[in-house]
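Asker: missing the sequence, but the structure's below:
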């Protein structure tokens with residue numbers, strides 16, 4: 001099938017979209033890195049400690065920058081840029097993320113979270129309602145290239161942190177439950193299954209070597225002695241870490257109250273949009289997968305294991321604030337202040 005001929009106005013529009021895309025990918029990393037340096041400046045850990053500690057802290061900070069850049073892109077894709085900047089600010093100040101961004105012990109969790117978030121960004125399609133007709137055609141043509149990139153990122157996350165295997169599995173289950181796009185479903189499931197190859201390699205290597213592969217066996221050290229009471233308790237603890245730990249319950253409670261009692265705000269007679277229900281459900285599948293899988297972990301007290309889930313929760317909360325409050329920035333500022341002093 002041949003593409004339609006280009007009109008005289010298409011070339012300037014393409015150039016303008018290219019400049020806008022380039023700016024969207026270059027500006028957020030600079031601003032986010034400056035934001036992280038600003039909020040970590042009072043501690044100055046990476047300037048005052050010895051060289052080895054400083055290098056480890058800088059690597060953690062770069063991983064946090066990568067995660068926040070991916071979160072900005074994901075929020076801008078699923079909501080809008082105002083929600084994206086607010087989500088980045090709240091996430092950067094969230095106590096668990098704040099501590100992990102300069103902690104050498106949580107560097108693998110932070111790196112895996114960054115790769116998962118970028119993977120979701122490439123996996124989820126843009127909202128076609130906000131695109132021009134030519135952009136919709138280009139989006140459909142490049143959809144499978146984006147999903148190949150998503151699979152590569154998710155597979156890399158599994159290599160960094162074995163628990164990230166839950167993300168492609170959750171997305172596969174979500175695709176199976178959807179009724180739309182049945183014709184492409186088989187190819188998509190096969191593509192997502194490729195992200196599980198690193199997990200199989202790690203399991204085979206661990207079985208042959210008789211030890212732990214990258215901390216996989218250590219994370220689930222108590223799996224052989226299965227205590228369902230402990231698993232249920234750990235499931236509740238993981239759910240709390242995903243939705244309420246370290247003051248996060250303030251955001252989730254406000255979101256639920258606004259959803260139930262406050263109608264969406266209208267701008268010039270047009271109701272503000274929300275993150276598409278399918279996208280929110282895909283986030284929910286990923287969060288549920290992490291909660292269930294990590295309930296079997298030997299150490300259920302490490303909230304940093306949920307670093308891939310908490311930014312998604314914050315994104316949904318901030319998007320709800322923007323949709324249902326005219327002065328939504330007040331709630332975002334209150335959350336930032338509350339997290340800064342926790």
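Answerer: Structure's in. What do you need? Everything quoted here is computed from the prediction, not taken from an experiment. Numbers count the residues shown, from 1 in each chain.
Asker: for residue 273, give me phi and psi.
Answerer: When read as degrees, to the nearest 10, the backbone of residue 273 gives phi -80, psi 170.
Asker: give the contact list for the closest residue to it other than its chain neighbours.
Answerer: Nearest residue to residue 273, sequence neighbours excluded (CB to CB, 6 or more residues apart in numbering): residue 323, at 7.2 Å. In short, each C-beta sits where N, CA and C put it, glycine included. By CB atoms under 8 Å, 6 or more residues apart in numbering, the contact set of residue 323 is 264-265, 272-274.
Asker: nearest to residue 115, of the residues you listed?
Answerer: Nearest to residue 115 out of the contacts of residue 323 is residue 274 (CB to CB; 26.7 Å).
Asker: give me phi/psi at that closest one?
Answerer: Per-residue torsions, residue 274: phi -120, psi 170 (degrees, to the nearest 10).
Asker: how many residues are close by it?
Answerer: Counted by other CB atoms under 10 Å, the residues lying close to residue 274 total 18.
Asker: just for the chain, where's the confidence low?
Answerer: For the chain, residues meeting the criterion pLDDT under 70 lie at 1-27, 37, 40-56, 126-142, 179-186, 206-226, 298-301.
Asker: show me what counts as buried in whichever helix or strand residue 333 is part of.
Answerer: Assigned by DSSP states H and E, residue 333 falls within helix 328-340. Going by neighbour count (16 or more other CB atoms under 10 Å), the buried part of helix 328-340 is 328, 331-332, 335-336, 339.
Asker: picking that back up, select only the buried ones of the contacts of residue 323 in PyMOL?
Answerer: Here is the PyMOL command that picks out the buried ones among the contacts of residue 323, judged by 16+ other CB under 10 Å:
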select buried, resi 272+274
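Asker: got CSV for the contacts of residue 323, with distance to residue 317 too?
Answerer: Shown next, in CSV, are these (distance: CB to CB, whole Å):
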residue, distance to residue 317
264, 15
265, 16
272, 15
273, 16
274, 12
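Asker: tell me who's in contact with residue 87.
Answerer: Residue 87 neighbours (CB under 8 Å, 6+ apart): 71-72, 75, 311, 314-315, 318-319.
Asker: without its sequence neighbours, what residue ends up closest to residue 283?
Answerer: That would be residue 312: by CB to CB, 6+ apart, it lies 4.5 Å from residue 283.
Asker: phi and psi next, for that neighbour.
Answerer: Backbone torsions of residue 312, given as degrees, to the nearest 10, read phi -70, psi -40.
Asker: how close does it sit to residue 326?
Answerer: Per CB to CB, to the nearest Å, residue 312 is found 25 Å from residue 326.
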